[in-house]
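>>> after the sequence you'll find the predicted model.
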Amino acid sequence: MRRLGKVSHYAKQGFLILRTDWVPSLNDPVVDKKLTVVGVVKDVFGPVNRPYVAVKPRIKNPENYVGTLLYVDTKRKKSRPGKTGKRRTKGGKARRPAPRKRG
């Protein structure tokens, strides 16, 4: 778990805006001090040394989180399903490789 920063305000577009010292990855889960999932990182913008982070909330009253510290939970990061390395078509069968040219 890594400290993300303090929520500065709730934007009218529906995002919690906060300032941080480091750049988190997109779609990282964001939690509060009780490890309740607040939302996910949707945008990082602003200066490189102190960027702003927009968090898309997954809670009912995100306005209540203004002024609280939020954290990125690295243990809850989702793995990408279906990335086994094999290519599949819509039917579920593996593709045949293209025939080699002769001559």
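All right, it came through fine.

>>> check contacts around Gly67.
Contact partners of Gly67, counting by Cβ atoms under 8 Å, 6 or more residues apart in numbering, are 6-7. No exception for glycine: its C-beta is placed from N, CA and C like everyone else's.

>>> name the helix or strand for it, please.
Secondary structure assigned from DSSP states H and E places Gly67 in neither a helix nor a strand.

>>> repeat that for the one 4 residues further on.
When elements are defined using DSSP H and E, Tyr71 is found to belong to strand 69-72.

>>> same question for that strand, mean pLDDT?
The average pLDDT within strand 69-72 is 97.

>>> try stretch 44-61
Averaged over stretch 44-61, pLDDT sits at 96.

>>> just give the nearest non-adjacent residue to the residue nearest the centre of the chain, would you?
In the chain, the residue lying closest to the centroid (Cα atoms, centre = their mean) is Asn27, at 1.1 Å. Using Cβ to Cβ, 6 or more residues apart in numbering and skipping residues adjacent in sequence, the residue nearest Asn27 is Val40, 5.3 Å away.

>>> from Asp73, how far off is that neighbour?
Using Cβ to Cβ, to the nearest Å, Val40 is found at 11 Å from Asp73.

>>> ditto for Arg96
Using Cβ to Cβ, we find Arg96 at a distance of 43 Å from Asp73.

>>> and those two? which has more neighbours close in?
Neighbours were counted for Arg96 and for Asp73 using other Cβ atoms under 10 Å; Asp73 has more, 17 against 6.
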